[in-house]
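In: Here's a sequence, model it:
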Amino acid sequence: MKKTDFIVQDLLSKIYQGAYNLNKLPNQRKLASFYKVSRFTIQKAIADLVDMGVISTIQGSGIFINKKALKNPLIFNSLTKTPYKRLKSKMLSLEKRKANSKDQQIFQIEPNSKVWVFERIRIVNYKIEQLEYSVMPCSLFFDLNQSVIEGSIQQYVESKGLKISHHITSYIPTISDEHTSHILLCRKGTPMMKIINRSVLNTGRVFEYSEIAAIDYSVTYIRPYNREGQNFRAL
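Out: As a prediction, the model looks like this:
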C-alpha cells in the first residue's frame, strides 16, 4: 500500500474513532512528523480527504472534520473520491440491439425488446482508470446519446422523473483480456478487478447493468455496525 493511501485510511480510522478533540486535525507539520513522511505526502493525503468531503481546510485556521460526513456510510475508490471536475468519461461505442436472454432476465423485458449497449472509459486526472461496458433498456431511455454517456447517467435517469433506489455491486478478481489491455494501456494478463453493477429504481426495476474493468483498484467502506444483521447471521 502506498504511504499516501495508508495515511488516508489511518486518518479516516482516527477521525471515526473520535481521536481528535474539537473536530480538528493536527497541522501538516505535526502530521508529517507523526507519520515520518514529507509535507508533500501529507498534503496529498489531506487533499484526498477534502475530495471525499470528510474534512475541510481553512487557511490560517487549520484542518477541520466535517461532522455531517460522520453520520453517513462512506464508500470511496479512485472515482468516488475524485471531484467531478477532475473526472471525465469518453464514449467508445454505442449501439441499439435486440435484447438477448441475459438482458431479458436482468431487465424483465420481452424477447423482442431493444437495449442500448455502450462502452466508455473513465478518466481521472488525465489517466484512464476504468473501462465500462453497460446495457440499458430502450423502453425507458429512448433518447440515450453520447452527451449523456459522457456526462452523468444518474442525472439523466432522474431527469426522466425516475427515482434511483440502490446499486447491487460485486467484485471479482480477474486478468485483462486483449481488448481491455488495449484500452487500458496494459499488458494482456495484467491482474485487474471486474466490478459488476446493477442499478435499481425505487419500483424495483433494474435500469442499468454494467461491467467495469479496473487496474490497481481499491475500495474502502466505512459503515455503521448492523447488530441485528449480525445476530441474524449467527442463527
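In: Quickly find the element holding the nearest residue to residue 150 once chain neighbours are set aside.
Out: With CB to CB, 6 or more residues apart in numbering as the measure, residue 89 is the residue that lies nearest to residue 150, at 4.9 Å, once sequence neighbours are left out. To be clear about C-beta, it is placed using only N, CA and C from the backbone, and glycine gets the same treatment. Element membership of residue 89 [criterion: DSSP states H and E] is strand 87-98.
In: Tell me if I'm right that residue 24 and residue 65 touch.
Out: Yes - in this structure, residue 24 sits in contact with residue 65. The criterion is CB atoms under 8 Å, and the distance is 6.9 Å.
In: list the contacts for residue 191?
Out: Shown here is residue 191, whose contacts under the criterion CB atoms under 8 Å, 6 or more residues apart in numbering are 173, 174, 175.
In: I'd like those laid out as a markdown table, including distance to residue 17, neighbour count and secondary structure.
Out: Putting those into a markdown table (distance: CB to CB, whole Å; neighbours: other CB atoms under 10 Å; DSSP: H, G, I helix; E, B strand; the rest coil) gives the following:
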| residue | distance to residue 17 | neighbour count | secondary structure |
| --- | --- | --- | --- |
| 173 | 30 | 9 | strand |
| 174 | 35 | 11 | strand |
| 175 | 38 | 13 | strand |
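In: Let me have the residues you listed in a markdown table, extended by pLDDT.
Out: A markdown table is the format used below for these (pLDDT from 0 to 100):
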| residue | pLDDT |
| --- | --- |
| 173 | 93 |
| 174 | 94 |
| 175 | 95 |
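In: any chance of those residues in TSV, plus distance to residue 193?
Out: Rendered in TSV, the data for these read as follows (distance: CB to CB, whole Å):
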residue	distance to residue 193
173	6
174	7
175	10
